[in-house]
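# Test case, fold it:
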Amino acid sequence: MTIYSDLFSDSSDWLSHTLSHASKDLAEARTELPDGTIIVRKALGILELTPAPSRSNPNSEALIVSAGVHGNETAPIEVLNGLVSELLNGDWQLARPLLLILGNPPAMVKGDRFLDANMNRLFHGAHQKPEYQGLPEAARARQIETLCRDFQASHSGQLSHYDLHTAIRPSQREKFALYPFVEGREVPVQQCEFLLEAEVETLLLQHKAGTTFSSFSSSQLGAESFTVELGKVRPFGQNDLSRFTGIRDALRRRFRGQPAPQPAEGTFERLTVFEVVQEILNTGPSFVFHVPDDVANFTEYAPGTVVWEDEWTAYRVGDEAESIVCPNRDVPVGQRAGLLIRPR
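Numbers count the residues shown, from 1 in each chain. This is a model prediction of the structure:
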């Protein structure tokens with residue numbers, strides 16, 4: 001129990017420690033595994049893991065994996081917690097530097113998406129805006145950015161970041177990933193292979209930079225970053241984790257530095273790629289969103305359909321059908337109420 005107690009005091013695992021100390025500022029804690037792997041708890045819910053020098057790290061790759069930026073999206077949190085427990089129990093050895101992040105512990109405790117502000121709109125410097133000053137979620141976003149910058153600065157190889165989520169709505173495509181916009185870049189084949197290995201068969205290419213965590217890490221840190229939606233929001237203990245074996249096994253393989261499985265014939269035909277054609281913003285008091293609250297992600301709207309309007313604009317679908325993803329009318333003025341997409 002020494003390894004656990006060094007990091008998590010009297011808690012049984014990383015998750016229970018994070019939940020039981022959710023409102024506390026904790027000093028760093030450190031432990032060393034028998035094989036020489038170093039684990040440092042940089043802050044509450046944030047672990048930096050450095051493999052033993054003797055372990056090979058193919059491509060000198062480092063990984064950031066985050067979950068719980070929205071506190072009620074619990075399945076990816078449980079997946080990451082399980083992988084940390086496997087490592088601490090000696091089930092496998094680490095081969096790549098990791099920064100593992102549980103984003104919003106107070107919201108995780110309450111089972112809410114967020115408490116005062118949507119943390120996944122507070123990155124890329126948005127936490128500096130006057131309206132967010134003094135909010136704990138803005139301070140947490142700033143802390144996470146700082147730790148990510150420090151992690152990136154200490155590793156010279158390729159950096160990848162997977163920000164894991166589950167959706168508040170049902171979806172016609174259960175698992176999908178969003179690739180943040182960076183001028184002039186294309187999705188690497190190896191990242192497509194990883195998504196398919198994780199049973200994520202739909203990819204959305206975003207059309208402009210944003211204030212999400214993955215947009216920050218791609219634009220500011222040069223990471224190959226993805227927001228990965230893995231299913232439906234459910235409380236802790238109510239997730240069917242058998243539906244998340246793809247992402248669990250794919251991450252474990254990456255953590256261990258093992259080669260990717262050989263793609264089966266026709267693999268890449270399974271990856272459906274969309275591009276964002278319109279970001280819908282709440283424009284103010286006259287904003288009307290014509291998407292019912294029970295509409296599933298990837299619901300298609302025919303040409304000419306009015307999707308939203310205000311006193312100045314009525315947005316109609318163009319000559320080709322467009323589908324809605326991430327619709328949410330209950331967002332503050334200026335924030336995203338949804339995305340409209342088309343097949344690439």
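
# Which residue ranges of the stretch 151-300 of the chain form strands?
Using DSSP state E, counting those that start in this stretch, the strands assigned to the stretch 151-300 of the chain run over residues 159-167, 176-179, 202-205, 224-232, 272-281, 288-289, 299-301.

# Show residues contacting the lengthiest helix in the chain.
For the chain, the longest helix by residue count, based on DSSP state H, is helix 136-153. Here helix 136-153 makes contact (CB atoms under 8 Å, 6 or more residues apart in numbering) with 42-43, 46, 48, 62, 64, 66, 97, 99, 101, 103-104, 106-107, 114-119, 122-123, 126-128, 132, 159, 161, 213, 216-217, 220-223. C-beta: built from backbone N, CA, C; applies to glycine.

# Q93 contacts R256, correct?
Yes. Between Q93 and R256 there is a contact at 6.9 Å, judged by CB atoms under 8 Å.

# Comparing these two, which shows the higher neighbour count?
The residue with more neighbours, out of Q93 and R256, is Q93; 18 against 15, by other CB atoms under 10 Å.

# Not counting its neighbours along the chain, what's nearest the more buried one?
Closest residue in space to Q93, ignoring its immediate chain neighbours: D35 at 5.4 Å, by CB to CB, 6 or more residues apart in numbering.

# and the one you found, what are its phi and psi?
Per-residue torsions, D35: phi -90, psi 0 (degrees, to the nearest 10).

# What is the neighbour count of it?
Other residues near D35 come to 12 when the count uses other CB under 10 Å.

# tell me the contacts of it?
Contact analysis of D35 by CB under 8 Å, 6+ apart lists A52, R55, Q93.

# So which of these sit within strands?
Among these, no residue falls in strands (DSSP state E).

# Of those, which is the nearest to L19?
Within these, the smallest distance to L19 is 27.7 Å, found for Q93 (CB to CB).

# Who are the contact partners of the closest one?
The neighbours of Q93, taking CB under 8 Å, 6+ apart as the test, are D35, T37, P51, A52, R55, L87, R256.

# repeat for V84
Shown in contact with V84 (CB under 8 Å, 6+ apart): D13, W14, L47, L100.

# give me that answer again for 7 Å
W14, L47, L100 (CB atoms under 7 Å, 6 or more residues apart in numbering).

# ok so, going back, closest one to T245 among the strands of the stretch 151-300 of the chain?
Minimum separation from T245 across these (CB to CB) falls at strand 224-232, 11.0 Å.

# so what does that closest one touch, helix or strand wise?
Using 3 or more CB pairs under 7 Å, 6 or more residues apart in numbering; DSSP states H and E, the elements in contact with strand 224-232 are helix 74-88, strand 159-167, strand 176-179, helix 213-221.

# mind checking which of the ones you listed is nearest L241?
Nearest to L241 among the helices and strands packed on strand 224-232 is helix 74-88 (6.4 Å), distances taken as CB to CB.

# and the closest one, what's its mean pLDDT?
The predicted model assigns helix 74-88 a mean pLDDT of 98.

# give me the beta-bridge partners of L49?
Beta-bridge partners for L49, by DSSP bridges, are I39, L98.

# In TSV: the strands of the stretch 151-300 of the chain, plus mean neighbour count, distance to L196 and mean pLDDT.
Formatted as TSV, these follow (neighbours: other CB atoms under 10 Å; distance: least, CB to CB, whole Å; pLDDT from 0 to 100):
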stretch	mean neighbour count	distance to L196	mean pLDDT
strand 159-167	25	14	97
strand 176-179	26	10	97
strand 202-205	21	10	96
strand 224-232	24	12	96
strand 272-281	17	11	94
strand 288-289	16	33	96
strand 299-301	16	24	97
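
# Same list (these) but as a markdown table, adding distance to T146.
Listed next are the strands of the stretch 151-300 of the chain as a markdown table, based on distance: least, CB to CB, whole Å:
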| stretch | distance to T146 |
| --- | --- |
| strand 159-167 | 15 |
| strand 176-179 | 24 |
| strand 202-205 | 29 |
| strand 224-232 | 17 |
| strand 272-281 | 28 |
| strand 288-289 | 36 |
| strand 299-301 | 39 |
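
# Which one of these lies nearest to A29?
Closest approach to A29 among the strands of the stretch 151-300 of the chain (CB to CB): strand 159-167, 23.8 Å.

# what's the residue closest to the geometric middle of the protein?
The centroid of the chain falls nearest to D163 when counting by CA atoms, centre = their mean (1.6 Å).

# how near is that one to L178?
9 Å (CB to CB, to the nearest Å).

# surely I280 meets I341?
No. The pair I280 / I341 is not scored as a contact, 11.3 Å apart, by CB atoms under 7 Å.

# picking up where we left off before, quick one: mean pLDDT over the longest helix of the chain.
Helix 136-153 comes out with an average pLDDT of 97.
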